[in-house]
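Asks: coords below, sequence missing:
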Ligand code: SF4
Ligand code: SF4
């Protein structure tokens with residue numbers, strides 16, 4: 001279907017490449033079409049799935065979706081690559097499974113509640129400071145909540161974006177059942193990929209979703225609005241980096257800017273989303289093409305520094321990893337920023353643990 005649309009309607013005008021951080025040549029369209037007809041990958045694995053190409057197409061075509069279809073076709077024909085297996089929650093030798101077995105236990109609510117905090121596997125396993133910030137803020141606000149964690153509840157989106165659909169299809173029913181079993185009516189997500197899965201992909205798989213899904217930052221901003229959460233204080237000029245999966249894929253307002261602006265002394269240098277771009281992480285690119293991913297994040301961070309930002313703030317563990325990897329200026333998660341401003345101890349993050357899990361997964365150990 002998408003192949004026919006491109007063959008019939010694409011004008012070869014190149015508008016889609018104007019803002020694309022990766023491709024400069026329209027032959028990527030021919031490459032993706034060729035892969036769908038049985039050809040080999042000559043660059044489609046470099047797509048960030050950022051969606052910038054969709055914004056100005058005069059024919060309303062999506063190069064991102066064409067490339068996604070081509071990736072699905074590649075996996076169907078050739079099976080999984082090591083790059084897929086490293087982040088496959090169903091594979092016991094993946095980095096996620098290794099981390100799930102070896103992480104330290106932590107006392108968090110796991111019982112019944114209408115509000116379910118769903119950190120997602122990356123935050124849960126590798127960004128405990130984000131999870132402590134989220135749990136600390138919800139406790140401070142007096143919210144009764146439960147936490148759904150572990151790779152058995154991975155939403156499946158990281159795999160899906162690289163063409164591997166099984167984790168999303170396998171885990172969706174299990175995850176929905178567990179939320180219902182806990183009495184959940186509202187799921188709060190820390191990860192844009194999880195939001196995309198639960199709020200956009202799962203409703204296309206099941207007849208009806210038995211709960212609502214809201215980004216955690218939007219929920220916290222509402223608690224600020226009604227006076228439940230106080231402003232806190234932090235003197236800083238920051239640039240907010242919009243995660244592509246929230247802004248363009250899910251088209252949801254995460255209200256992270258409102259959360260940051262609520263902090264006394266904090267100035268958000270980019271109040272609107274007009275020049276929002278991609279950090280370079282997504283679509284498996286950080287995993288499979290790290291030099292490309294880090295080249296893009298360096299450009300993004302240098303621009304922020306030139307504008308006078310002392311720090312970048314984002315709302316996605318993938319963006320956080322890639323922007324930090326640029327080593328240009330400090331980068332912080334929005335929930336952590338608010339928690340620290342309110343004096344909550346978010347503890348230390350051990351990035352060595354993540355590197356170790358990925359190194360062993362790549363080696364197949
Ligand atoms: S902008 Fe749309 S019509 Fe133009 S080349 Fe890209 S996909 Fe084709
Ligand atoms: S999704 Fe992003 S990286 Fe992929 S083709 Fe579109 S703009 Fe380029």
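Replies: Good, I have the coordinates. Remember, predicted model here, so these are calculated numbers, not experimental data. Numbers count the residues shown, from 1 in each chain. Ligands and ions are numbered 1, 2, ... in the order given.

Asks: any idea how far residue 175 lies from residue 189?
Replies: From residue 175 over to residue 189 the distance is 12 Å, taken as Cβ to Cβ, to the nearest Å. For glycine as for every other residue, the C-beta is placed from the backbone atoms N, C-alpha and C.

Asks: who's more crowded, these two?
Replies: residue 189 (29 against 23; other Cβ atoms under 10 Å).

Asks: Report the separation between that one and ligand 1.
Replies: From residue 189 over to ligand 1 the distance is 31 Å, taken as Cβ to the nearest ligand atom, to the nearest Å.

Asks: What pLDDT does the model give that residue?
Replies: Per-residue confidence at residue 189 stands at 97 (pLDDT).

Asks: Just the strands from the chain, written as ranges.
Replies: 115-118, 145-147, 186-189, 212-215, 233-241, 264-268, 311-314, 331-333 (DSSP state E).

Asks: Contacts for the third one, please.
Replies: Identification of contacts with strand 186-189 by Cβ atoms under 8 Å, 6 or more residues apart in numbering yields 114-118, 120, 134, 145, 148, 179, 195, 198, 211-216, 219.

Asks: tell me what the lowest-mean-pLDDT helix or strand in the chain is packed against?
Replies: In the chain, the helix or strand scored least confidently by mean pLDDT, DSSP states H and E is helix 157-160, which has a mean of 78. Applying 3 or more Cβ pairs under 8 Å, 6 or more residues apart in numbering; DSSP states H and E, we find helix 157-160 packed against helix 166-181, helix 192-195.

Asks: Deepest in the core, which of those helices is it.
Replies: helix 192-195 (a mean of 29; mean count of other Cβ atoms under 10 Å).

Asks: Determine how far that helix lies from the middle of the whole chain.
Replies: 5 Å (Cα atoms, centre = their mean, to the nearest Å).

Asks: what does stretch 353-365 give?
Replies: On Cα atoms, centre = their mean, the centre of stretch 353-365 falls 21 Å from that of its chain.

Asks: buried residues in that stretch?
Replies: For stretch 353-365, the neighbour count (16 or more other Cβ atoms under 10 Å) marks 353, 354, 357, 358, 360, 361 as buried.

Asks: What of stretch 260-277?
Replies: Here stretch 260-277 shows 260, 261, 262, 263, 266, 268, 270, 276, 277 as buried, counting by 16+ other Cβ under 10 Å.

Asks: Does residue 289 touch residue 45 like I think?
Replies: Yes - using Cβ atoms under 8 Å, residue 289 is in contact with residue 45, at 7.1 Å.

Asks: residue contacts, residue 360?
Replies: Counted by Cβ under 8 Å, 6+ apart, residue 360 has contacts 95, 98.

Asks: Any regions of the chain where pLDDT drops low?
Replies: For the chain, residues meeting the criterion pLDDT under 70 lie at 365.

Asks: got the residues of it near ligand 1?
Replies: Contact residues, the chain versus ligand 1 (Cβ under 6 Å from any ligand atom): 10, 11, 12, 13, 14, 15, 16, 57, 58, 59, 61, 63.

Asks: Can you select the buried ones from those in ChimeraX?
Replies: Remark: buried members of those, expressed as a ChimeraX selection using 16+ other Cβ under 10 Å:
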select :10,16,57,61,63
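
Asks: Within reach of ligand 2, which of the residues of the chain next to ligand 1 are there?
Replies: Answer for the residues of the chain next to ligand 1 near ligand 2 (Cβ under 6 Å from any ligand atom): residue 63.

Asks: now the residues of the chain next to ligand 1 in TSV, with distance to residue 342?
Replies: Listed next are the residues of the chain next to ligand 1 as TSV, based on distance: Cβ to Cβ, whole Å:
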residue	distance to residue 342
10	51
11	52
12	53
13	50
14	48
15	45
16	43
57	43
58	47
59	48
61	46
63	42
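
Asks: No further queries at this time; thank you.
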